[in-house]
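*Asks:* Structure, please.
(2 chains)
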There are 2 protein chains.
Amino acid sequence: MTATHAAGRKLKDAIFDANQACNEAIKLHGAEKVTNATIGVVLDEKGRLATLPTVEKVFRAMNFADLVSYAPISGLPAYLDAVIDLTFAENKPEGFFGAVATAGGTGAIHHAIANYAERGDSVLTSDWRWGTYDLICNETGKNLETFKLFDAELNFNITDFAVKVDSLLKNQNSLLVIINSPAHNPTGYALSLDEWEKVLDVLKAQVSAGKKVSLLVDIAYIDFAGEKNSTRAFLKKFSNLPENFFVMISFSMSKSYTCYGQRTGALIGVSSSEKIIDEFKNVSKYSCRATWSNINRGAQALLAKLAADKELLPIYEAERTNLYEMVKRRADIFVAEAKSCGLRIVPYKGGFFIAVPAENPAEVCKKLHDDLIFAVPLKLGVRVAACSTPLEKMYGVAEKILRAMK
Amino acid sequence: MTATHAAGRKLKDAIFDANQACNEAIKLHGAEKVTNATIGVVLDEKGRLATLPTVEKVFRAMNFADLVSYAPISGLPAYLDAVIDLTFAENKPEGFFGAVATAGGTGAIHHAIANYAERGDSVLTSDWRWGTYDLICNETGKNLETFKLFDAELNFNITDFAVKVDSLLKNQNSLLVIINSPAHNPTGYALSLDEWEKVLDVLKAQVSAGKKVSLLVDIAYIDFAGEKNSTRAFLKKFSNLPENFFVMISFSMSKSYTCYGQRTGALIGVSSSEKIIDEFKNVSKYSCRATWSNINRGAQALLAKLAADKELLPIYEAERTNLYEMVKRRADIFVAEAKSCGLRIVPYKGGFFIAVPAENPAEVCKKLHDDLIFAVPLKLGVRVAACSTPLEKMYGVAEKILRAMK
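*Replies:* Predicted coordinates:
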């Protein structure tokens, strides 16, 4: 009965499948013996969802009318201001800014792809990627093309990036590029300042030749990548770009504020032209009204309050840093053991996940079940969730993956 | 910088403009002298957002992890079961059912239009309508065509409905029809059982001739339309429809649970074919993942808990009935006065709004400003919000509209 463009659409959910297999193993063998490295949220060392006490405190103190009133279609102004301040910290580029509230980071990416890529055109991102990019492109009538994130030495592959940009812009007048950095999902990679410079140079060359380029930076995991201002230093590079080079940043409250299921994020626009920002605000607001009307007011009010509270904000930041460090300790074990046993992994620099390149990820993951270890098979490798695997259970995982690959 | 399909999109927000004009008048003249009939939520007699104590009680009792965890992409199973039970009450048609959580009622309508109308085809709804239908069609690459909701005597215009269905299906193989009933926004109209029968007959004739018909029933205001089972009696008519006649119902927690800004609704599918329901669940889940990933878990858990609590549920229903009756008392005044002064209004049977047909709605609304009355000018008339106008201020409004029209 569906329209032809929707016919036969069905999600393949590797994460769900892996998690289900894990839960069956837990039933058989008990939770203590099973390592669940499939879950994409931060769990504490006892396997419970890790939440931030200060976020809960601000949330609980709100009156009910604030929680349940409609928000303005574009978002609460105080929320949007807070989003911009928190996103850039001390690294605000020169230019004009706009923001619109979205249904988490996903909603922000949806709006960017819906409005900044022509129907039938290709959007460009890296081969290692969050699979939802593919779905959003499909849903909105665009294609997704990829460049190789890494070269043979597992360095950032600027050559392949340049080749793919060039090849797509031979057939398109405009191009939307999506880069997920720092704490890339699913690899934990982060572009260095030098790599960012090279990426911008490639795009600026196209812009100089008259092409329209939009760059979407997905920073969903930025607060799990290191110190606040050093992880954000690259944002300063978006200063004074040409008018036909538009930058968007997708902000999410999911990870940084442990507000995953509250579905609150934002899409930020950066441009040297106020007119381009006005256009961005108008088309984004239109998409909001035509997709979800408005966004969870309670979560927006929470962020606005937290950001304005000079006493609570540093307490919240300290709590968040604790979570980050807990995840990092787990990842450090895996990375160190991978090095010592000779398991080749993608350079991990932060974030929820570590990735192991593999020829046959599904088989590797299946073999790992013998060790009662559950990870997620992706197209290019195996994803290990440092965010949710307890420290003690991380020991030995790298070596077991190495064995499973043989 | 936007893609060509998005270029120049900008919301015209008549409600926002009317409300802003009202707020300026309040600054000048004081709130007591001004009648704000623009706001689309239930306000109590003192002008504060009316919320339901039992809903707040259940919400406040939830633990934080339940509020902020991710929900499954399609929604919490207990929520979806509750949505189906609450939607049909004792009027469940025979057939198969499926549901998917959505960002309010808007999100449900988005998914129905996205997946059940061909790109480039026309969707059909009534001329008096919620303007967001137009935006969703535009955003998803469909057109919106309308039939006249009323004939010259302000009776339901089944003739024009049949003519428009026929004319569209001369050029299309499938058709999505949207009917907002009961408590139609913006008129307060509700189709009688007999009118529903005629609508279904028109559509069944097309289905018999081999066309695919999807019907979306928007019931956002159903709990402000009268007694639970009598307002839902028409749903029973969706029993055992042919396979190529698919029914969807958009459910919303916004009005019935005063959870407006929590952005939680659902799209329900009804079919005589389990296969069609499976397809519906698959394509809808895909659209969820590609638009907002998942929906506010807190609000879903709230509904699931409330629906399962045999003690609290009737208390909640009594609170909601109080709100309904408060709105009805206000509307009754307007309707009675309109009758006695000879103001011609659209037949109001329930809901948040009353509509007055007018040749020049903007001028009428502007003239009303002299009386410090603020209403919303629509294309076909003036919208008066019974949901938010205090009882005392409703007296005299009908007559002043009549005068403003002369």
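
*Asks:* so what's residue A:19 scoring on pLDDT?
*Replies:* pLDDT for residue A:19: 88.

*Asks:* And residue A:13, by the same measure?
*Replies:* Residue A:13 is assigned 82 on the pLDDT scale.

*Asks:* So what's the residue count around the residue nearest to residue A:148 when sequence neighbours are not counted?
*Replies:* Leaving aside its sequence neighbours, residue A:148 sits nearest to residue A:160 (CB to CB, 6 or more residues apart in numbering or on different chains; 4.2 Å). In short, each C-beta sits where N, CA and C put it, glycine included. Residue A:160 has 17 neighbours, counted by other CB atoms under 10 Å in any protein chain shown.

*Asks:* On the three-state scheme, residue A:301 is what?
*Replies:* helix (DSSP: H, G, I helix; E, B strand; the rest coil).

*Asks:* And for residue A:251?
*Replies:* Classification of residue A:251 by three-state DSSP places it in strand.

*Asks:* tell me which element residue A:270 is part of?
*Replies:* If you go by DSSP states H and E, residue A:270 is part of strand A:265-271.

*Asks:* sorry, back to before: list the contacts of the helix or strand containing the residue nearest to residue A:148.
*Replies:* Here residue A:160 sits within helix A:158-171, counting by DSSP H and E. Contact with helix A:158-171 is made by A:122, A:124, A:145-148, A:151, A:175, A:177, A:195, A:198-199, A:202-203, A:206, A:211, as judged by CB atoms under 8 Å, 6 or more residues apart in numbering or on different chains.

*Asks:* how does it look with 10 Å?
*Replies:* By CB atoms under 10 Å, 6 or more residues apart in numbering or on different chains, the residues outside helix A:158-171 that reach it are A:121-127, A:143, A:145-151, A:157, A:174-177, A:179, A:191, A:194-195, A:197-199, A:201-203, A:205-206, A:209-213.

*Asks:* Would you mind identifying the next helix or strand past that helix?
*Replies:* Past helix A:158-171, further along toward the C-terminus, the next helix or strand under DSSP H and E is strand A:174-180.

*Asks:* Who are the packing partners of that following strand?
*Replies:* Under the contact criterion of 3 or more CB pairs under 10 Å, 6 or more residues apart in numbering or on different chains; DSSP states H and E, strand A:174-180 touches helix A:104-116, strand A:122-126, helix A:132-139, strand A:143-147, helix A:158-171, helix A:193-208, strand A:212-218, strand A:245-252.

*Asks:* would you turn those into CSV with mean pLDDT?
*Replies:* Formatted as CSV, the helices and strands packed on strand A:174-180 follow (pLDDT from 0 to 100):
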stretch, mean pLDDT
helix A:104-116, 98
strand A:122-126, 98
helix A:132-139, 97
strand A:143-147, 98
helix A:158-171, 98
helix A:193-208, 98
strand A:212-218, 98
strand A:245-252, 98
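
*Asks:* which one of these lies closest to residue B:268?
*Replies:* Of all the helices and strands packed on strand A:174-180, it is helix A:132-139 that lies closest to residue B:268, at 20.9 Å by CB to CB.

*Asks:* The closest one and chain B in contact?
*Replies:* Yes - applying CB under 10 Å from any CB of the partner chain, one finds helix A:132-139 in contact with chain B at A:132, A:133, A:134, A:135, A:136, A:137, A:138, A:139.

*Asks:* Just want the angle from that helix to helix B:104-116.
*Replies:* Counting by axes from the mean of the first three to the mean of the last three CA atoms, to 10 degrees, helix A:132-139 lies at 70 degrees to helix B:104-116.

*Asks:* Okay, angle between the helix or strand containing residue A:288 and helix B:132-139 too, please.
*Replies:* Assigned by DSSP H and E, residue A:288 belongs to helix A:274-289. Per the same axes, to 10 degrees, the angle that helix A:274-289 makes with helix B:132-139 is 120 degrees.

*Asks:* how about the CA coordinates for the strand holding residue A:270, as PDB?
*Replies:* C-alpha atoms of strand A:265-271 as PDB (Å, rounded to 0.1, in the frame of the first residue of the first chain):
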ATOM      1  CA  GLY A 265      19.400  18.800  19.800                       C
ATOM      2  CA  ALA A 266      20.000  21.700  17.500                       C
ATOM      3  CA  LEU A 267      21.300  22.600  14.100                       C
ATOM      4  CA  ILE A 268      23.600  25.600  14.100                       C
ATOM      5  CA  GLY A 269      24.500  27.600  11.000                       C
ATOM      6  CA  VAL A 270      27.700  29.600  10.500                       C
ATOM      7  CA  SER A 271      28.200  32.000   7.600                       C
END
